[in-house]
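S.K.: Make a model of this:
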Amino acid sequence: MASWLNGPNFARRCEEEGIVFIGPPSHVIAELGDKTIARRTVRGSGVPVIPGMDRPESDPEILAREAAEIGYPVLIKAAAGGGGKGMRVAGNDLVLKTAFVQAQAEAKAAFGNAGVYVEKFIERPRHIEVQVLADLHGNAVHLWERDCSTQRRHQKLIEESPAPNLPADKRKSMCEAAVRLIQSAGYTNAGTVEFILDQNHNFYFIEVNARIQVEHPVTEMATGVDIVREQIRIAAGLPLSLAQADVTMRGSAIQCRINAEDPWNHYLPSPGVLRRFRMPGGAHLRVDTYGCAGCEVPVEYDPILATVVVWGDDRDLAVRRTTRALDEFTIRGVQTNLTLLRQIVGDARFAGGVYDTSLLGQLDAVQPPSGRAERDLAAAAAVAYVLRNQAQAPVIPERTLSGWHRSSRALS
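M.R.: Model (predicted):
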């Protein structure tokens, strides 16, 4: 990839060419895109920051000294980029040296920047992020928070808004801190401020994502705010179309990321051709995807294949609708994480909204469910039976059939 497309360079090039870039200014992307610089910036705004380094380091000996001072366990993180890449946990000096090499190589390959640093590893935290909007006239609002604690390898699998069982005072404090932070940094347009919440409900800043994120539809569903529309308005020089008092949370929304990968084999990507791709349907459901029957899932890109977002009047209804949507989603031709997602959503801890980033490791989902092969064989036999008898089946008018699907899927 050309260097001018990386990081803030694309935004800067647009500015030089007189093209309006829909996003924050290039200098702000540069400042907040490097996590170590962002940590220094955030300290000045009075927002709590996880103990750790405020500069990237390429010398493993210096990294080890910093880690010893911070106290093990520590988290090695790429200074640039995101998405869980370039991150490793180390519990001692020996592990640190190996993890350092791995994190550095992954950061270089993913972001073209091998800089890494260490910060204190908070055990069993919740990952809470706050969606923010800021215009060119000094106005800034938050759109409340998302809980992104359901992760594998530091990468998000399920996001929901609002965060379940989050004390009201902590919700208010985090959201206000996010607005205060972006205003102090001169940030404009849409962005996300990410926090770690420890088991005592203390929150700490970890990073700013200076862009629209995959999970933004969760917030759109829960608040009714069209974030992309606001982005375009802001870039056009218009003020925000809403004030903070206008942003209210309506019900609950949940998003699941459907990945073309094999959870039973170290989450290896599963490229190939989609032989069957049947999406769920119904009210209060959104599916974002490039997938269709016959299209190819490439190996060169992130394995995300689709996102499923549902909304409910309350969280219990949202969980039930998520379960139904995952059950209705049919993908053949590549391995996916659909079965894993069904197990997570069906777990009592997730259903009760009492979970943290360790949830996946506590499930039996690290192994394929018992009888998986037998169920696949039974499903194949059922499909063959239907196809064989299709010619003898009575023809159901398309209008009647589609109407039945709509009404049945609208049920809670």
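
S.K.: Count the residues that sit near Lys172.
M.R.: Other residues near Lys172 come to 12 when the count uses other CB atoms under 10 Å. Where C-beta positions appear, they are placed from N, C-alpha and C, glycine not excepted.

S.K.: do the one 5 residues further on as well
M.R.: Neighbours of Ala177 under the rule other CB under 10 Å: 20.

S.K.: does it belong to a helix or a strand, and which?
M.R.: Secondary structure assignment for Ala177, by DSSP states H and E: helix 168-184.

S.K.: can you pull out the strands in the stretch 1-150 of the chain?
M.R.: Applying DSSP state E, counting those that start in this stretch to the stretch 1-150 of the chain gives strands spanning 74-78, 88-90, 116-120, 126-134, 140-152.

S.K.: ok, the shortest one: who's next to it in the sheet?
M.R.: It refers to strand 88-90. strand 74-78 (antiparallel) (DSSP bridges).

S.K.: so for the partner strand, what's the average pLDDT?
M.R.: Regarding strand 74-78, the rounded mean pLDDT is 92.

S.K.: Buried by neighbour count: which residues of that strand qualify?
M.R.: Applying a neighbour-count criterion of 16 or more other CB atoms under 10 Å, one finds Val74, Leu75, Ile76, Lys77, Ala78 buried in strand 74-78.

S.K.: swap in stretch 132-146?
M.R.: Residues Val132, Leu133, Ala134, Asp135, Asn139, Ala140, Val141, His142, Leu143, Trp144, Glu145, Arg146 are the ones in stretch 132-146 that count as buried (16+ other CB under 10 Å).

S.K.: Can you classify Glu160 as helix, strand or coil?
M.R.: Under DSSP: H, G, I helix; E, B strand; the rest coil, Glu160 falls in the strand class.

S.K.: Just give the closest residue to Glu160, not the sequence neighbours.
M.R.: Distances taken as CB to CB, 6 or more residues apart in numbering place Ile254 nearest to Glu160, at 4.5 Å, with adjacent residues excluded.

S.K.: mind listing what that neighbour touches?
M.R.: Contact partners of Ile254, counting by CB atoms under 8 Å, 6 or more residues apart in numbering, are Ile158, Glu159, Glu160, Val218, Val309, Val310, Ala318, Val319, Thr322.

S.K.: from the buried residues of stretch 132-146, which is closest to Arg12?
M.R.: Ala134 (19.5 Å; CB to CB).

S.K.: Quick check: bridge partners of that closest one?
M.R.: Going by DSSP bridges, Ala134 is paired in beta bridges with Ala140, Asn189.

S.K.: what sits against it?
M.R.: With contact taken as CB under 8 Å, 6+ apart, Ala134 is in contact with Ala140, Val141, Ile182, Gln183, Tyr187, Thr188, Asn189, Gly191, Ile234, Leu240.

S.K.: Show the model's pLDDT score for the closest residue to Arg12 other than its chain neighbours.
M.R.: Using CB to CB, 6+ apart and skipping the chain neighbours, the partner closest in space to Arg12 is Ser26 (3.8 Å). Looking at Ser26, its pLDDT reads 95.

S.K.: who are the neighbours in contact with the closest residue to Ser184 other than its chain neighbours?
M.R.: Distances taken as CB to CB, 6+ apart place Ser45 nearest to Ser184, at 4.1 Å, with adjacent residues excluded. Residues counted as contacts of Ser45 (CB under 8 Å, 6+ apart) are Ala177, Arg180, Leu181, Ser184, Ala185.

S.K.: Swap in 7 Å and give it another go.
M.R.: Arg180, Leu181, Ser184 (CB atoms under 7 Å, 6 or more residues apart in numbering).

S.K.: ok, it to Glu145 distance?
M.R.: Ser45 sits 18 Å away from Glu145, going by CB to CB, to the nearest Å.
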